[in-house]
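Student: Return atomic coordinates for the entry below.
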Amino acid sequence: MKMMKMMVVLVLSGVLWVSADVLHEDIYISGCSDSGGESMYGLDGEELWYADFKHKKAVEPQPPFVDHITYEDGTYERAVANLEICKQNLKNDRKAFKDFPLERDPPSSHMIYTRDKVEPGQKNSLICHVTGFYPAPVEFSWTKNQENVTEGSSSNVPFVNKDGTYNQFSTLEFTPQLGDIYGCTVKHLALDQPQTKFYDVQQTQPSIGPAVFCGVGLTVGLLGVAAGTFFLIKGNECS
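Tutor: Sure, this is the predicted structure:
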């Protein structure tokens, strides 16, 4: 991991329990930059808890089919305090290193795909995924037929990759109709201009189906609670 990345983000991981067949690993990420901050707890590549500093609340993005893990009261308040400490440390580091330039890695070309097989008139979700960027986060925006769309959209917190860069995704709930064109735009500090990918309902009938998702699921692996569970389920369909 590059020196700058080590200065602005702290990654702690450890083995919780080991047997002949099972290895569990938890992770805690706390970091900050000029564009914001992050505090996240995870287990085995899945996000269990993160601080939503924009909306000033804690989020536990755990799927309903697992035993829910609840973090104690005060966890969000400690995350806020750690964010202020991180910002002060970053300010001091800049003075010590004579305000070193911030490293910036642009995101790769993002992907846009549907959660389920597409059936006109049936509710579905579009997923927009991007990876390889630094610092976090990226900013997502959606359009439908060139009109901005905010209702039904959400974004996860950035998840750190092994090389110190990040990946992140946004989802949009939609009801596909033939002829509709959806766009996902990604903005980042390292991009000279936003990147946009389009999804044409007309062109994707019938849906690309589970075969493509199987290959993606087995190759990409877990990307956090929603993305990791999604790809794992799709990967199992290949068995």
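Student: and the most centrally placed residue in the chain, what element?
Tutor: A centroid search over the chain (C-alpha atoms, centre = their mean) returns residue 168, at 2.6 Å, as the residue closest to the centre. Secondary-structure assignment from DSSP states H and E places residue 168 in strand 166-174.
Student: Any buried residues in that strand, and which?
Tutor: Within strand 166-174, the residues that count as buried by 16 or more other C-beta atoms under 10 Å are 166-172, 174. Where C-beta positions appear, they are placed from N, C-alpha and C, glycine not excepted.
Student: can I have the helix ranked longest in the chain written out in PDB, keeping just the CAs?
Tutor: For the chain, the helix reaching the highest residue count under DSSP state H is reported as helix 75-96. C-alpha atoms of helix 75-96 as PDB (Å, rounded to 0.1, in the frame of the first residue of the first chain):
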ATOM      1  CA  THR A  75     -20.500   3.300  18.200                       C
ATOM      2  CA  TYR A  76     -21.600   6.100  15.900                       C
ATOM      3  CA  GLU A  77     -20.500   8.800  18.300                       C
ATOM      4  CA  ARG A  78     -17.100   7.200  18.600                       C
ATOM      5  CA  ALA A  79     -16.800   7.200  14.800                       C
ATOM      6  CA  VAL A  80     -17.600  10.900  14.700                       C
ATOM      7  CA  ALA A  81     -14.900  11.500  17.400                       C
ATOM      8  CA  ASN A  82     -12.400   9.400  15.400                       C
ATOM      9  CA  LEU A  83     -13.200  11.300  12.300                       C
ATOM     10  CA  GLU A  84     -12.200  14.600  14.000                       C
ATOM     11  CA  ILE A  85      -9.000  13.000  15.300                       C
ATOM     12  CA  CYS A  86      -8.200  11.700  11.800                       C
ATOM     13  CA  LYS A  87      -8.700  15.200  10.300                       C
ATOM     14  CA  GLN A  88      -6.400  16.800  12.800                       C
ATOM     15  CA  ASN A  89      -3.800  14.100  12.300                       C
ATOM     16  CA  LEU A  90      -4.000  14.700   8.500                       C
ATOM     17  CA  LYS A  91      -3.600  18.400   9.000                       C
ATOM     18  CA  ASN A  92      -0.500  17.800  11.200                       C
ATOM     19  CA  ASP A  93       1.000  15.300   8.700                       C
ATOM     20  CA  ARG A  94       0.600  17.800   5.900                       C
ATOM     21  CA  LYS A  95       2.600  20.400   7.900                       C
ATOM     22  CA  ALA A  96       5.300  17.800   8.700                       C
END
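Student: Could you identify the helix or strand that succeeds it?
Tutor: Counting by DSSP H and E, what follows helix 75-96 is strand 111-114.
Student: list the helices and strands the very next helix or strand once past that next one packs on?
Tutor: Moving toward the C-terminus from strand 111-114, the first helix or strand encountered (DSSP H and E) is strand 124-133. In terms of contacts (3 or more C-beta pairs under 8 Å, 6 or more residues apart in numbering; DSSP states H and E), strand 124-133 is packed against strand 111-114, strand 139-144, strand 166-174, strand 181-187, helix 225-236.
Student: Could I get the contacting residues of the spatially closest residue to residue 149 that is not a sequence neighbour?
Tutor: Excluding its sequence neighbours, the residue lying closest to residue 149 (C-beta to C-beta, 6 or more residues apart in numbering) is residue 142, at 4.5 Å. Taking C-beta atoms under 8 Å, 6 or more residues apart in numbering, we find residue 142 in contact with 126, 128, 148-150, 153, 170, 172, 182-185.
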